[in-house]
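K.L.:
Using only what follows, build the 3D model:
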Amino acid sequence: MKITKLDYEIDSYSAYLQVKDKNTALLESSFMVKDTGDNSIIVFNPQFIVKYEKGHSYINNMLVEKDILKLLDELLMEKKPLNTGLVFDGGFVGYLSYDFGMEIMNVKNNNPINVNIPDVYFAYFEDFILIDHANKCTYICTEDEKVIEKIKGCLYINIDDKNCNRVILRSNFTKEEFKERVEGVREYIRCGDTYQVNISQQFLGEGSLNPHEVYTRFRKVNYGPYNAFLDLDGSYILSTSPEQFLRKRGNLITTRPIKGTVRKSLVYEENKALKEYLYSSEKCRSELLMIIDLERNDLSRICIPGTVKVESLFEVEEYATVNHLVSTIQGKLLKDISFSEIIKGTFPGGSITGAPKLRSMEVIDELENVSRGIYTGSIGYISNNGNFDLNIAIRTAVINDKGVYYNVGGGIVWDSDPEDEYEETLHKGRAIYKALTGKGE
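P.N.:
Numbering: from 1, shown residues only. Here you go, the predicted model:
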């Protein structure tokens, strides 16, 4: 593998546009938070594609009679490190959908599917570009001299998104219907079925959209540490997620659940007061504590006993349009544990299901009237060197020939006020709404 190092950062999306094609991807970190957001990764020239849809596994559209996670395990064992010395050393880039998480948890999906994409999708790459934002340099890993020269001369490309088509968005719930769902969760909590449930509404905007123009808008208004652009040959996934699901470095596994949200103000003193309110909110703290307990339990299934620790309990972090309350939990993995065992023990992330996880997912299926698809699944990479990094697929949209789809939601507890919870979903989705409709500018 030829590695060309540039002693400067390049704009990750501009570089992606130089190599974009069917089944290419960009994992973009445009905002560093704590120890996330320090690398952007562009992958191109996929060698093969692994996917799972309608109960069957495929490699390059050829049926393979194997469990999809076991298939990924086998492929990961076959692939050898490229020895680039980088955090990503070639490997798989793709996603696990929430609907696949329901299958792992044996929760029947009773709702219609609006977005027809695979339940699991990973493409394998050995050609990639890594932009190290922390050290302000770029690595081009490819034998393709034309690509190397393109990237060396890559300047910031200003996509004209002023004429980007706009859509009219509609939700699968009216405001009153969403508030009824909040009350439905509170009733389950009153009966002792669950302690917290994440409920979302799905927005649909019909019409023809250029996904590259839309992503240009997304990254302007909702920069974050876990952005992504995936080309699935006809469908496109655009993510501006702030949340880490799982990150593996060596034998250390980390998760950073988010629970607790207030809007962000551009006025410093006002935003400082909002952050102080969030930090001291008993409701938000209790929400996060429930999920910390769940995540500690999940990590304990895959980690050496006694090694799972809460590294930070309540941290208020500032993002593009909101402030979040975040915790960091880490553990040391059991020796020789496989990727499939890690996913089966932890997926989907508890911060977007509720607690206890299984019962909360059953309630979600009952109260939400459409399948989530990729929303609250995970997007990221699995590297040849054993590292992986996966986000929680929130603030995430799918664009296809029919239009655009995305969900916004929040965790409901006994103290939740239906009106406030509805407004919180609008705050979380404000950047995407603005990018798609042009309103609020």
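
K.L.:
do you know how far the residue most central in space within the chain is from Asn165?
P.N.:
Centroid-nearest residue in the chain, with Cα atoms, centre = their mean: Ala393, separated by 2.6 Å. Using Cβ to Cβ, to the nearest Å, Ala393 is found at 24 Å from Asn165. To be clear about C-beta, it is placed using only N, CA and C from the backbone, and glycine gets the same treatment.

K.L.:
same question, Pro81
P.N.:
Distance, Pro81 to Asn165, by Cβ to Cβ: 44 Å.

K.L.:
Test my guess that Leu436 contacts Pro211.
P.N.:
No: using Cβ atoms under 8 Å, Leu436 is not in contact with Pro211; the gap is 11.6 Å.

K.L.:
And these two? Which one has more around it.
P.N.:
Regarding Leu436 and Pro211, a neighbour count based on other Cβ atoms under 10 Å identifies Leu436 as having more, with 27 against 20.

K.L.:
Glu65: how many residues sit nearby?
P.N.:
By other Cβ under 10 Å, 7 other residues sit near Glu65.

K.L.:
Can you tell me the closest non-neighbouring residue to it?
P.N.:
Leaving aside its chain neighbours, Glu65 sits nearest to Ser57 (7.6 Å; criterion: Cβ to Cβ, 6 or more residues apart in numbering).

K.L.:
In which helix or strand does the one you found reside?
P.N.:
Following DSSP states H and E, one finds Ser57 within strand 56-59.

K.L.:
Can you list the strands that that strand pairs with?
P.N.:
Partners of strand 56-59 in the sheet, by DSSP bridges, are strand 48-53 (antiparallel), strand 62-64 (antiparallel).

K.L.:
most neighbours per residue, which of these?
P.N.:
strand 48-53 (a mean of 19; mean count of other Cβ atoms under 10 Å).

K.L.:
Relative to the whole chain's centre, how far out is that strand?
P.N.:
Here strand 48-53 is found 19 Å from its chain centre; the criterion is Cα atoms, centre = their mean, to the nearest Å.

K.L.:
Going forward, count from 30.
P.N.:
Okay, using 30 as the starting number, the last item reads as strand 77-82.

K.L.:
Give me the mean pLDDT for that strand.
P.N.:
Averaging pLDDT along strand 77-82 yields 97.

K.L.:
which other residues reach it?
P.N.:
Strand 77-82 has contacts (Cβ atoms under 8 Å, 6 or more residues apart in numbering) with 52, 86-90, 97, 100-101, 104, 121, 123, 129, 147-153.

K.L.:
For the stretch 280-429 of the chain, just list every one of the helices.
P.N.:
Applying DSSP state H, counting those that start in this stretch to the stretch 280-429 of the chain gives helices spanning 297-309, 311-329, 368-375, 386-396.

K.L.:
Flag every buried residue along the last one.
P.N.:
Buried residues in helix 386-396, counted by 16 or more other Cβ atoms under 10 Å: 386, 388-394, 396.

K.L.:
In strands, which of the contacts of strand 77-82 fall?
P.N.:
Among the contacts of strand 77-82, the members found in strands (DSSP state E) are 86-88, 121, 123, 149-153.

K.L.:
my read is Ala44 is in a helix, agree?
P.N.:
Yes: assessed with DSSP: H, G, I helix; E, B strand; the rest coil, Ala44 lies in a helix.

K.L.:
what sits against it?
P.N.:
Going by Cβ under 8 Å, 6+ apart, Ala44 touches 71, 158, 160, 167, 180, 183.

K.L.:
Report the lowest-confidence entry in the residues you listed.
P.N.:
Cys183 (83).

K.L.:
who's in contact with that one?
P.N.:
Contacts of Cys183 by Cβ under 8 Å, 6+ apart are 39-40, 43-44, 47.

K.L.:
How are the strands of the stretch 80-229 of the chain distributed by residue range?
P.N.:
Secondary structure of the stretch 80-229 of the chain by DSSP state E, counting those that start in this stretch: the strands cover 85-88, 91-93, 120-125, 149-154, 156-161, 166-170, 198-200, 225-235.

K.L.:
Pick the most buried one from the ones you listed.
P.N.:
Ranked by mean neighbours (mean count of other Cβ under 10 Å), these are led by strand 120-125, with a mean of 27.

K.L.:
how far off strand 156-161 does that strand point, in degrees?
P.N.:
In terms of direction (axes from the mean of the first three to the mean of the last three Cα atoms, to 10 degrees), strand 120-125 departs from strand 156-161 by 80 degrees.

K.L.:
Packing partners of strand 120-125?
P.N.:
Counting by 3 or more Cβ pairs under 8 Å, 6 or more residues apart in numbering; DSSP states H and E, the packing neighbours recorded for strand 120-125 are strand 54-57, helix 97-107, strand 149-154, strand 255-260, strand 407-412.

K.L.:
Looking at the ones you listed, which is nearest to Leu363?
P.N.:
Proximity to Leu363, assessed across the helices and strands packed on strand 120-125 by Cβ to Cβ, is greatest for helix 97-107 (14.9 Å).

K.L.:
from the chain's centre, how far out does the closest one sit?
P.N.:
On the basis of Cα atoms, centre = their mean, helix 97-107 sits 22 Å off its chain's mean C-alpha point.

K.L.:
what residues does that helix touch?
P.N.:
Residues contacting helix 97-107 (Cβ under 8 Å, 6+ apart): 79, 81, 86, 88, 93, 95, 120-121, 129, 149, 151, 153, 367-369, 372-373, 411, 413.
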